[in-house]
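Asker: what would the 3D arrangement of this be:
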Amino acid sequence: AVPAATGGGLRLRGGALHAASLTRWQHADMSITEPVHMSLVVNTTTVSWVGRSSVKEMMSLIMRTCVAKTKPGDFARIEHEVHGKKVYFYVISRANGLAGTLVADQAYPQRVAINLIEQLMDDFTKQCNGVWPQSRSDECVPFPKLEEYLAEYQESAKADKIEALKKDVEESKKILEQSVEAILERGQKIEDLVKNSNRLSMQTKMMYKSVQKKPGWFEECLGCSTE
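Answerer: Here you go, the predicted model:
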């Protein structure tokens, strides 16, 4: 069952799914040069209140980069390793300008992750009648199902009804497997993304810099705490 809603949102718990987004990669306004997360949910329940906004900003940055590097029509699984534990950023990019992303633990079944993204994208398309709002700001489209799905399907076995709808996804779609480092420009590192991003707050940049010396909030968000 979906956890009870509290304070206008679901009470997400720690688990195998860490974040999800429905992202517009194609824009009517040519001055917008990067993907926009129209709807975004990041599970920060394992992080202290102080670091939650920064974790969300960092996760959003990496997800945005993954979408930008995934070609229309492609299904991608982009790996990010944190202290020996792998986390996968699954991305589906459609020719209509919509991309869906799901961040999951390595153990979460790939077939279920891809099916879940496809179902979310289909539901989002129906809600928007296939027309994406052209705001340049993130989270410009309320979409409660994103948080509901992230909460409900922390255990992959609960995704049976989605499995039944889309049985052949993994067999019929070629999943491109890469790493976060591989999709970056030659010689570029995540540290460079953080430094050059105008979407990250100064607090997040400072916290990320401190993490390089002593792992903490971002690793906790991904279930990779070294403590």
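Asker: pLDDT weak spots in the chain?
Answerer: Scanning the chain for pLDDT under 70 picks out 1-15, 46-51, 82-83, 159-177, 180-181, 183-190, 207-227.
Asker: may I see the buried residues of the helix or strand hosting Arg77?
Answerer: Assigned by DSSP states H and E, Arg77 belongs to strand 75-82. Neighbour counts using 16 or more other CB atoms under 10 Å place Phe75, Ala76, Arg77, Ile78, His80, Val82 of strand 75-82 among the buried residues. From N, CA and C alone the C-beta is placed, and that goes for glycine too.
Asker: out of the residues you listed, which comes closest to Leu98?
Answerer: Leu98 lies nearest to Phe75 out of those, by CB to CB, at 13.7 Å.
Asker: distance check, the closest one against Met121.
Answerer: 12 Å (CB to CB, to the nearest Å).
Asker: which residues do those two both contact?
Answerer: Counting by CB atoms under 8 Å, 6 or more residues apart in numbering, the shared contacts of Phe75 and Met121 are Ile92.
Asker: what packs against the strand holding Arg77?
Answerer: Counting by 3 or more CB pairs under 8 Å, 6 or more residues apart in numbering; DSSP states H and E, the packing neighbours recorded for strand 75-82 are helix 49-68, strand 85-93, strand 175-179, helix 180-183.
Asker: report the angle between the second one and helix 49-68.
Answerer: Right, strand 85-93. Angle of strand 85-93 versus helix 49-68, following axes from the mean of the first three to the mean of the last three CA atoms, to 10 degrees, is 50 degrees.
Asker: quick one: contacts of strand 85-93?
Answerer: Taking CB under 8 Å, 6+ apart as the rule, strand 85-93 contacts 18, 25, 62-63, 66-67, 70-81, 99-106, 108, 110, 113-114, 117-118, 121, 180, 222-224.
Asker: so in that sheet, which strands flank that strand, and in what orientation?
Answerer: Neighbouring strands of strand 85-93 in its sheet, by DSSP bridges, are strand 75-82 (antiparallel), strand 98-105 (antiparallel).
Asker: these: which one's closest to Leu40?
Answerer: Leu40 sits nearest to strand 98-105 of all the strands paired with strand 85-93, at 9.0 Å, using CB to CB.
Asker: tell me the helix or strand right after that closest one.
Answerer: helix 110-128.
Asker: what comes up buried for that next one?
Answerer: Buried residues in helix 110-128, counted by 16+ other CB under 10 Å: 110-121, 124-125, 128.
Asker: and for stretch 17-33?
Answerer: Neighbour-count burial for stretch 17-33 flags Leu17, His18, Ala19, Ala20, Ser21, Leu22, Thr23, Arg24, Trp25, Gln26, His27 (criterion: 16+ other CB under 10 Å).
Asker: next SSE after the helix or strand hosting the fifth one?
Answerer: Taking DSSP H and E as the definition, Ser21 sits inside strand 17-24. Stepping forward along the backbone from strand 17-24, the first helix or strand reached (DSSP H and E) is strand 36-42.
Asker: next, the angle from that next one to strand 98-105.
Answerer: Strand 36-42 runs at 20 degrees relative to strand 98-105, counting by the same axes, to 10 degrees.
Asker: quick revisit: and the buried residues of stretch 17-33 as JSON lines, adding distance to Arg136?
Answerer: Compiled in JSON lines, the buried residues of stretch 17-33 are given as follows (distance: CB to CB, whole Å):
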{"residue": "Leu17", "distance to Arg136": "27"}
{"residue": "His18", "distance to Arg136": "25"}
{"residue": "Ala19", "distance to Arg136": "21"}
{"residue": "Ala20", "distance to Arg136": "21"}
{"residue": "Ser21", "distance to Arg136": "16"}
{"residue": "Leu22", "distance to Arg136": "16"}
{"residue": "Thr23", "distance to Arg136": "13"}
{"residue": "Arg24", "distance to Arg136": "10"}
{"residue": "Trp25", "distance to Arg136": "13"}
{"residue": "Gln26", "distance to Arg136": "13"}
{"residue": "His27", "distance to Arg136": "8"}
